[in-house]
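Participant: generate a structure from the sequence data that follows.
(chains A and B)
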2 protein chains.
Amino acid sequence: MKINQFAYVPTDHHTIVKELADVHFLTAQTKKMADPVMLYRQFLLKFFIEKQSLATRIQKVANLMATPTLNAYEFTTTQAAVSKLAFYNVGLQLLGFEVGLDFELNDPFSAMKKYRLPMAVVDDTLDRNQVIDAWYKLLNTRTKFGQTLIDYLAGQGYYHQFFGTDELKQPLIFNGKSQAVFDTTKLIRDVVYVEAPLDNDHDGKRDLLKTEIIRPGETENGLKVPVIFTASPYDQGTNDHQADQMTHDVNQEKLTRKQPNHLSYEDVKFDYDNHDLPEPRTIKDTNKVAEESFVKTWTYSLNDYFLARGFAVVYSSGVGTKDSDGVRTTGTPDETISATSVIEWLHGDRTAFTNRSDQIAIPAWWSNGNVGMTGRSYLGTLSTAAAMTGVDGLKTAVVEAGISNYYDYYRENGLVVAPGGFQGEDTDVLGELTFSREQSAADYLKIKDTWLAQLKKLTAGQDRVTGSYNSFWDNRNLLKNVNIKADMLLVHGLNDWNVKLSHVYNLRKTLKNEKITQKLVLHQGQHEYLNNFRSVDFTDIVNLWLTNKLLAVDNQANQIVPDVLVQDNAEPETWNTYKDWGGNVKEIPLDDKRWTDLNENHSFSDQLPDDLFKDYIENTKKWQKALFTKNHSKLDKHSIKLVSEPLDQDITVDGRATITLRAASSADLGLLSAALVDYGIEKRLTAVPQILSAQQIITGYQWRKDDLKEFLPEKKASAYKKFTDAHMNMQNRTNNYQSDDLKPGQYYNFTMAFQPTFWRLLKGHQLGLIIYATDMDYTIRSNQDISYTVDLSASKIELPLLTADDNQG
Amino acid sequence: MKINQFAYVPTDHHTIVKELADVHFLTAQTKKMADPVMLYRQFLLKFFIEKQSLATRIQKVANLMATPTLNAYEFTTTQAAVSKLAFYNVGLQLLGFEVGLDFELNDPFSAMKKYRLPMAVVDDTLDRNQVIDAWYKLLNTRTKFGQTLIDYLAGQGYYHQFFGTDELKQPLIFNGKSQAVFDTTKLIRDVVYVEAPLDNDHDGKRDLLKTEIIRPGETENGLKVPVIFTASPYDQGTNDHQADQMTHDVNQEKLTRKQPNHLSYEDVKFDYDNHDLPEPRTIKDTNKVAEESFVKTWTYSLNDYFLARGFAVVYSSGVGTKDSDGVRTTGTPDETISATSVIEWLHGDRTAFTNRSDQIAIPAWWSNGNVGMTGRSYLGTLSTAAAMTGVDGLKTAVVEAGISNYYDYYRENGLVVAPGGFQGEDTDVLGELTFSREQSAADYLKIKDTWLAQLKKLTAGQDRVTGSYNSFWDNRNLLKNVNIKADMLLVHGLNDWNVKLSHVYNLRKTLKNEKITQKLVLHQGQHEYLNNFRSVDFTDIVNLWLTNKLLAVDNQANQIVPDVLVQDNAEPETWNTYKDWGGNVKEIPLDDKRWTDLNENHSFSDQLPDDLFKDYIENTKKWQKALFTKNHSKLDKHSIKLVSEPLDQDITVDGRATITLRAASSADLGLLSAALVDYGIEKRLTAVPQILSAQQIITGYQWRKDDLKEFLPEKKASAYKKFTDAHMNMQNRTNNYQSDDLKPGQYYNFTMAFQPTFWRLLKGHQLGLIIYATDMDYTIRSNQDISYTVDLSASKIELPLLTADDNQG
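Facilitator: A predicted model of the protein is given here:
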């Protein structure tokens, strides 16, 4: 167990006193106490919430041990000084650590060191001010169960005892972070219909977009609040069955020769044109009160956490979703405008109506105009897309696992390459999945023909036959037009094979040229949220960040949040900070003597025996095992396998590696794949988080609970781990839109960029390079009779390696 | 998808009119409407909640299709009559079914038949009264997402619009079930300390037991409410790590010869004696207001459901748990008394205090005195134990997977046999697991020595060496002293290998002699709760049951709830009702010609080669596969395998089968195991429920959500399924306490009862009987050099088979 905190704001004693008064630990009475022991006792008694009786609270304090022989109440009634030992013995128990199990009363300090818990005290005895400072730091320390102690206390009703009195600031900032001081039983849920500057179903009327608002009841008394906006196309329902039916059969598809051409980017460039826009509806009246409310079955725990902290949360699903107009477009500016329209309304720059028919406008009068976006995957993608427009009001986006270029999501170097786990998915399938207007029978009847025509356009435009970049994809490239004002907090899993690492890498690279602050968090998950982990205070980081960006609190968020925060792959629960992502490139020829050539054949057939091929289709894990196992496997004759000597020290591949292969195909078409593999028997971290403790995180008093999670080591050691890969259509060696000629048997150079990574290979491990063709998990599976030959003497990889000076400390 | 409902109360038109008025669908205005179409339109508009604007509600009605061409609003404004077609087209949409996906607008009826949805209407056109009756039935029909439509509506805020007005009855009964008409934001959470007539830690003071209460805020205005009480020893925390450490190593333990004896039951009988009880504490004062409150991280969704319906929910963990006195005893009457003391307090017959020190009594003044218990496993066990005492106030218990005799949980026929999945667990391990006083450091310091001594007593008393029934176990047999007044709803999984089927079977058998009403539900799960499934309205059944037992509403619960409700194993989502559990016994000799003897060796060694033994320890699934696979396997020489001819019709093993083996051991000790196996390649139901739709069940307005679950068929077909087994120490052929002599090589008769079951073997399948010795999953694993010989010609099984007249219809 390791508790890593990055969102603690170093605070001076003067400010501490002020802030402890704000949260009522220092009161008119306790401020006067000169005796540190008496003050400490009062802090402990207040911890157990003063609406409970004194007898109850004394009992609870007396349940804690301060020394190996004295309980905390005895200690504070018999001792003359507050010892560091007693303070942290009690502190650890308040943080949820168990005596005997997690630490021993004669030495709390070694446990604190092991768990990486901060200590505010140097001296063996605490004077009055040190008690105050140490108590403040303790309240801002994370418990065993994934929250700061003050957040735990809020969940126990600490702030609730002041609800409805004048004694509570709203919002209340403590150590730079917004506190759970809002009454979630009073939340107000409104529905409005934002009129977007779009008519993407061409019905002659601007598209109305259903928008759901949850705001603090306190806004009814004039409080203006910041807004967290999540644009989720999934939120109004998904057509799972219909999308499944539409999924492309990658076993039927063939790799096809492309007619060579000399297309330039200008030939495939798409200029989005939103012309012929109908006029806005006439506003017949204005009302401050919404007419419609809603109940959600879907929740997002990070947003819920902020609802207790005085942020409004807004959901809108965009064109083509249930109760909205328009059709899905899978990633075009129509969907971006769906999101920015909502932001414009929240900022006072666009109209929303109370219902779909009466043209009664309703302003976002309760909004302070500052919007931050959140969400993962498609949701994060829309956050990025909105941020790139520079829309007024959008101050920041927390982008978890977002797409930055749809081509890179469904294609790679001129090849159809699926998102991991979604073989056969494409823009049409995702469009059908999210077109939730289909679930509203009467509405669907009206739009059905338009939708079926739109689906055909998606299927045609995405062009699974060539896999090339074209104007369809250019219209779905979010990195093309950059006009950004929002600060960006980017979050991505280093094992995310769904939205792969190139998305966040390329986005970050693009943003480096912009005048904004960007931060990066890379974790060991696949496609996961990060807000309920024990080993990292991600929620606190986001709180610090949004409190800074949306409430304009000067809490040093830009300085305190690490520029690059990376979870280590080799050591559980370990997070390190870096200045940048991307190491010094080292070139390694493939005929280097330090490689062992396992198969010793540089010419391999991609075609498998029919029954083996079918077996692998049924179970691609078997295929992976055969491909990546070093010793003799059924794929030895179908791949080239190189492994390095055992490493004499740890190395970290940091950034985007590339490979250049001098290779030939036996046909006039072909594909190449390459993977870098970490060989070494280890219990590696699992990329899917596991529940440490169900419903343990309480995000507010009698409010939502969340499971505490962590990426845990595998139960059984594994021999290898693929940590990055690359794929290319050999007719796209120049770029992803030009089709090159390919002559059978002729050698060409193919340079492919691997997925960016941050991967530490331990001393004694071996680096493996596997060169193959069809990737059962990602490419179409044609089992065509093609052989590939690689000239290793003219091939190389370029590895970016972490250097010591990248460490941020 | 099949929606099976058992809790619908047939209701006459007169009562329907009254009840629809109670829920405000029939109002002064709508009652007057003679026109069925106009009335129907009003019902639809009211469905979308009148606090929303009319324009919003019209829009929502207009989103529903009534006929293939008319939406529901158009229909009700243009048509002269309400057609059956339109009513159920709209009805299906209200129930969450999708046009095109789940049904077609030209024929809703075939879908309704397929999904087993009830239809109230015979005629093609509905008159006014038929609209009323059909609307009532629709409101009481289950949606696609596992709730009745009226419960779904409550979750959408239907009742909430009347909160705080006089227009809402509290409680409100609709179709015999309590409605979600209570304001869960007003729930009050109290802690009291019940003084139990116990001093099991021998500190000279009666044990105080922490008891947590959640009650409707409406009780503050004088409302008396019924109580659902869950006695959960896990609720205050568990010592997982310490218990793991204490788990017995079944690989180290040996089967030991027992000295033959002639013990009678009187020799092992235990008379519980609760003498030397200290006097109750003096009551110094009485208060109606609690001093302490609480916040739970653990929740139980069935209880939460009832919190919205005006029931109080009480949790208490009993002796030896955190903040209570005493030590854990794993199943003795001390734990039963812990539970009954709380019931006595709720019924006004026992004292509770506001805190542990001041002796201020607090009565349960808000309780109506009627208590029902709920909970699974240990929790259900305590419900059974409490019910068996006949304690006043306890009207019923809903027992899910409860233990009825601890001996049967940890032992079988003189043999150490583990609960499935918990090899090496025993009463000491479970005691340590639940002794949560250990988590309170100062409290633990006081009790540590007492506890360690108690643990030693548990280890000694449970006697893993002989495995025999003794006075220790007799003290933990809940079926011994029966004095029951509570009606019992028993629920058990037919695949529960943790708390096995003998528990519910024996309990039910015992209860047959008592003057109470008992009901039984057998599902296809392992150790699972059943309150969030799509295919069965278990929650509604419990609601009907508790409304009857605790609110004394005459809703015919005893007649309507089936006596025996069984989920079929061969057909998904299929539930049948029966009069009883237990078929007609058919005797089948083991040398019957219809058996195929697969191994043709009737003498087998139990000892495995060392590496194979170790391999099976690591992965008992491999062992299972070898044991149950019909064709040649590594266990052929270590077992006898008989399979029947393919069945020429379905048969259902209904109840408790037995086997009589004439067998000999090569040693003076030995064990026998037998299993009945269903052979046939099928996609069988998985015994762990899978989530169909996360957070889809809303148990009240802005209240808890629950995942919708179901037991789904396996993705890949399996060749066999063990459906029952039996184990015996050969020195216990007489009974489980007398040690018989066993001479090497000598034949004896061994009669073992299988775990009771209800298992349908399909036509074409084969019944298998596997005879073996060491069971890697359940018995100690000694790998001793012993051979067993069975004389099949003198052996037989007796199978209880379902007959057609058992069907309740």
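Participant: what about A:L479, neighbour count?
Facilitator: For A:L479, the tally of surrounding residues (other Cβ atoms under 10 Å in any protein chain shown) stands at 16. Placement of C-beta: from N, CA and C, glycine included.
Participant: which elements pack onto the lengthiest helix in chain A?
Facilitator: Longest helix in chain A by number of residues (criterion: DSSP state H): helix A:441-462. Judged by 3 or more Cβ pairs under 8 Å, 6 or more residues apart in numbering or on different chains; DSSP states H and E, the packing partners of helix A:441-462 are helix A:427-434, helix A:471-474.
Participant: out of those, nearest to chain B?
Facilitator: Closest to chain B of the helices and strands packed on helix A:441-462 is helix A:427-434 (Cβ to the nearest Cβ; 12.1 Å).
Participant: what are the contacting residues of that closest one?
Facilitator: For helix A:427-434, the external contacting residues (Cβ atoms under 8 Å, 6 or more residues apart in numbering or on different chains) are A:233-234, A:238-240, A:242-243, A:246-248, A:317, A:320-321, A:327-331, A:378, A:406, A:410, A:454-455, A:458-459, A:461-462, A:476.
Participant: and it, how far from the chain's centre?
Facilitator: Averaging C-alpha positions (Cα atoms, centre = their mean, to the nearest Å) puts helix A:427-434 22 Å from its chain's average.
Participant: C-alpha coordinates for it, CSV please?
Facilitator: Taking Å, rounded to 0.1, in the frame of the first residue of the first chain, the C-alpha atoms of helix A:427-434 are listed here in CSV:
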residue,chain,number,x,y,z
THR,A,427,-17.7,5.1,-37.8
ASP,A,428,-21.0,3.7,-39.1
VAL,A,429,-21.3,1.2,-36.2
LEU,A,430,-20.5,3.9,-33.6
GLY,A,431,-23.0,6.2,-35.3
GLU,A,432,-25.7,3.5,-35.1
LEU,A,433,-24.7,2.8,-31.5
THR,A,434,-25.2,6.4,-30.4
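Participant: ok, back up a step: let me know the angle separating the longest helix of chain A from helix A:427-434.
Facilitator: Here helix A:441-462 runs at 160 degrees with respect to helix A:427-434, directions being taken by axes from the mean of the first three to the mean of the last three Cα atoms, to 10 degrees.
Participant: chain center to helix A:441-462: distance?
Facilitator: In this view, helix A:441-462 has its centroid 31 Å away from the chain centroid, taken as Cα atoms, centre = their mean.
Participant: check which residues of it are buried.
Facilitator: Of all the residues in helix A:441-462, those buried under the rule 16 or more other Cβ atoms under 10 Å in any protein chain shown are A:441-445, A:447, A:450-451, A:454-455, A:458-459, A:461-462.
Participant: and the two most separated of the residues you listed?
Facilitator: Spanning the widest gap among the buried residues of helix A:441-462 are A:A442 and A:Q462, at 30.3 Å by Cβ to Cβ.
Participant: now the helices for the stretch 101-250 of chain A?
Facilitator: Read by DSSP state H, counting those that start in this stretch, the stretch 101-250 of chain A holds these helices, from start to end of the chain: A:108-114, A:128-139, A:149-155, A:240-246.
Participant: what bridges to the closest residue to A:K512 other than its chain neighbours?
Facilitator: Leaving out its chain neighbours, the residue that sits closest to A:K512 by Cβ to Cβ, 6 or more residues apart in numbering or on different chains is A:Q518, at 7.7 Å. Following DSSP bridges, A:Q518 is listed with bridge partners A:M488.
Participant: give me the distance between A:Q518 and chain B.
Facilitator: 33 Å (Cβ to the nearest Cβ, to the nearest Å).
Participant: residues near that residue, how many?
Facilitator: Using other Cβ under 10 Å, A:Q518 has 20 neighbouring residues.
Participant: verify the contact between it and A:M488 for me.
Facilitator: Yes. Contact criterion Cβ atoms under 8 Å: A:Q518 and A:M488 qualify, at 4.4 Å.
Participant: measure the closest residue to A:G461 other than its chain neighbours to B:K641 for me?
Facilitator: What sits nearest to A:G461 in space, not counting adjacent residues and going by Cβ to Cβ, 6+ apart, is A:F472, at 3.4 Å. Applying Cβ to Cβ, to the nearest Å, one obtains 62 Å for the distance of A:F472 from B:K641.
Participant: looking at the two, which is more packed in?
Facilitator: Per other Cβ under 10 Å, whichever of A:F472 and B:K641 has more neighbours is B:K641, with 25 against 21.
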